[in-house]
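Make a model of this:
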Amino acid sequence: MTPKAVFWDMDGTLVDSEPLHEAALVAAMRSAGLVPPENLHERVLGVAAWPVYEMMRDEFGLALPFDDWIMRKYEHYLPLVEGLKPRPGAIEIFTELREKGVAQAVVSNSDRMIVDANLSMVGLIYPGMKTISRNDVREGKPQAEPFLRAAYLADVDPAHAMAIDDSWPGAMAGLAAGMKTIFWPEKPMHGPPGAVVINSAEELRAELDL
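Below is the predicted model of the structure:
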């Protein structure tokens, strides 16, 4: 049965932006004299900007203030957006749900400027569209607040909504919000207990009864 509302993560779920974020982070680290660790991708996937900054500061000795650091990263990221691609099948499903009248929102741990840049680049923007960025909540994922904010804006009981995310922090946020949570990782892996793990757009369509 198709849920009353579907709330999508952005980076890695709707758009294939995780490689861009990693490339920008690596470039920003090197420009600050830091050496990126081999497991950087796993450590930062789905994590908001402030916890990543704390890791850079506490473990790698980053001396820049947060505002200077995040602008440095975004200066590397924004030029890469021209090459941004949708995740195969995701935006097609988003569009089909919209045509069916299903309430939807994009729920991201990224800053507003990144949310707007990414969605504009892939053409996923229209009047009345609901998007929740890290700037719009007090606590980002893995806390429930971002997905609960989406349910509030959509005027939908969280129990009647579905959260879709590619990262553990995001899936944990969906579960904490009391939503059916679909964990759609970049590559096959186990998900948080309670999440439904899928590995393709076809499996997502089946979960949505499309």
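
Stretch 187-204 spans what distance, first to last residue?
15 Å (C-alpha to C-alpha, to the nearest Å).

ditto for stretch 161-172
15 Å.

do the same with stretch 117-125
Note: stretch 117-125 ends 10 Å apart using C-alpha to C-alpha.

which sections of this structure are below the confidence cut-off?
The model of the chain has no residue with pLDDT under 70.

Just the helices from it, written as ranges.
Applying DSSP state H to the chain gives helices spanning 18-31, 40-44, 49-60, 66-77, 90-99, 112-121, 145-154, 168-176, 201-207.

Quick check: buried residues in the last one?
Put plainly, it is helix 201-207. Residues of helix 201-207 classed as buried: 201, 204, 207 (neighbour count, 16 or more other C-beta atoms under 10 Å). C-beta: built from backbone N, CA, C; applies to glycine.

now V52, nearest residue through space, not along the chain?
Distances taken as C-beta to C-beta, 6 or more residues apart in numbering place V44 nearest to V52, at 5.3 Å, with adjacent residues excluded.

What is the neighbour count of E38?
6 (other C-beta atoms under 10 Å).

Make residue 1 into 34 and carry on from there
Taking 34 as the first residue, the last one we looked at is E71.

how close does it get to D49?
22 Å (C-beta to C-beta, to the nearest Å).

Tell me how many other residues crowd E129.
Counted with other C-beta under 10 Å, the neighbours of E129 add up to 14.

ok, now which ones touch it?
L243 (C-beta atoms under 8 Å, 6 or more residues apart in numbering).

related to what we said a few turns ago, and of the helices of the chain, who's closest to S166?
Proximity to S166, assessed across the helices of the chain by C-beta to C-beta, is greatest for helix 145-154 (4.2 Å).

which outside residues touch the closest one?
43-44, 47-48, 50, 107, 110-111, 114-115, 117, 139, 141, 143, 158, 164, 166-169.
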